[in-house]
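Undergrad: Got a predicted structure here, sequence first:
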Amino acid sequence: MTLDPILLIGGAGIVGRQAARFLREMYPELPLLIGGRDLARAQQAAAGIGNAEGVAVDLTAQDLDLGERPVSAIAIFFTDTTTAALQFAQRRGVPYLSVSPAMTEVGPEIAAHMHRPNASAVVLGTEWLVGATTIPALEFAKTFHRIDTLRIGALLDEQDEGGPASYDDLERQTQALPAVQVRRNGAWVWRSGDALETSFRAADGTMLQATGLSPHDVFGLATVTGASNVEFNLAIGVSSSRRRGEPMSTEIIIELEGEDQAAQPLRSRHAVIHPEGQMPLTGLGIALLLERLIGLDGKPAVRAGLYFPYQLLDPAVYFERFAWTGGKISALKP
């Protein structure tokens, strides 16, 4: 099957290079376009990937300055305040994936989809590490008959390099937004001020100071599980591996409380860990989504619609590739 190239806008950045690396390892012949404002930087990144071309992308131009150049899908690695890339994807009828806008910022993307719902598949990909939280959480939830509380604690090591776009996203979502949403006793409420401050236990049991965040995971997991209490908290500091004298890692702590199939109280606590930090998991999720969106896996391409990542990713495939990249999941004492 001959495919048009996938366009990675911002593909010369850290996340973009990770996604391109996984796509290249999975599909050596897949053509890629590495797009960015700096043509020389995009070309340099493309040269290091192989079977890729660096192109200049102008988000103020209706055709992104690409003319009639064909593409099979678009992924963008920073917040596009113009929605130019999404509108370009809709005009071409190709899938579109964004991984930066917070839930409070997706109004323009949702409006664009609502006005052209049959144009293309649109993925709101701002889940924490693009599937690394939601897919394991939904797998752990299968042992429960009822889930009352679902808590996510993400630990980002202070040595974990995320690149300028990732830093801007994190700063905007943790500092510029004065409040975040959580589900409490079945109702959606806002946390702000002192209510944002909290703590959770890392994989090694260390208590960490954390602050509330509301990536898309919160809304998706609450909807799927029906849990009355759902929250997401982020800590930035020293990871459990580094406290042991090992290199830094990234951790996601997933805690569930409710009842088992026999209506008995049940609690579970798991750690999702990657020894190379946040970027490999983010890149993996993006690569797997692009694979699924355009049918590289041999299945039909995804139909036009609005999706979260976990709605498209096969858990079995995800866990296989997760382990392939070096990721680990550990059951912890509740």
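TA: Great, that's in hand.
Undergrad: quick one: the most centrally placed residue in the chain and residue 216, what's the gap?
TA: The centre of the chain sits closest to residue 130, judged by C-alpha atoms, centre = their mean, with a distance of 2.0 Å. Distance of residue 130 to residue 216, computed by C-beta to C-beta, to the nearest Å: 10 Å. Using the backbone N, CA and C atoms, a C-beta is placed for each residue, glycine as well.
Undergrad: How about residue 305?
TA: Counting by C-beta to C-beta, the gap from residue 305 to residue 216 is 16 Å.
Undergrad: The nearest residue to residue 39 once chain neighbours are set aside: what's it in contact with?
TA: Leaving aside its sequence neighbours, residue 39 sits nearest to residue 56 (C-beta to C-beta, 6 or more residues apart in numbering; 4.3 Å). For residue 56, the contact set (C-beta atoms under 8 Å, 6 or more residues apart in numbering) comprises 35, 36, 37, 38, 39, 42, 65.
Undergrad: again, 7 Å this time
TA: Applying C-beta atoms under 7 Å, 6 or more residues apart in numbering to residue 56 gives the contacts 37, 39, 42, 65.
Undergrad: Going by neighbour count, which of the residues you listed are buried?
TA: By neighbour count, with 16 or more other C-beta atoms under 10 Å, the contacts of residue 56 hold residue 42 as buried.
Undergrad: how's this protein carved up into domains?
TA: What automatic domain parsing lists as the domains of the chain is 6-128+280-315, 134-277+325-332.
Undergrad: In the stretch 1-150 of the chain, where is pLDDT below threshold?
TA: For the stretch 1-150 of the chain, the stretches with pLDDT under 70 are 1-2.
Undergrad: could you pull out the helices for it?
TA: 14-26, 39-49, 84-92, 107-115, 134-140 (DSSP state H, counting those that start in this stretch).
Undergrad: In this structure, where's the longest helix?
TA: helix 278-293 (DSSP state H).
Undergrad: who has more neighbours, residue 305 and residue 216?
TA: When residue 305 and residue 216 are compared for neighbours, residue 216 comes out ahead with 24 against 15, by other C-beta atoms under 10 Å.
Undergrad: That one reaches residue 306, doesn't it?
TA: No. At 11.8 Å, residue 216 does not count as touching residue 306 under the criterion of C-beta atoms under 7 Å.
Undergrad: re earlier: tell me which of the domains of the chain sits most buried.
TA: Across the domains of the chain, the average number of neighbours (mean count of other C-beta atoms under 10 Å) peaks for domain 6-128+280-315, which reaches a mean of 20.
Undergrad: Now residue 206: phi and psi?
TA: Main-chain torsions, residue 206, degrees, to the nearest 10: phi -70, psi 130.
Undergrad: what pLDDT does it get?
TA: With respect to pLDDT, residue 206 scores 98.
Undergrad: Now do the strand or helix carrying residue 254: which elements does it pack against?
TA: Element membership of residue 254 [criterion: DSSP states H and E] is strand 250-259. In terms of contacts (3 or more C-beta pairs under 7 Å, 6 or more residues apart in numbering; DSSP states H and E), strand 250-259 is packed against helix 134-140, strand 146-157, strand 265-274.
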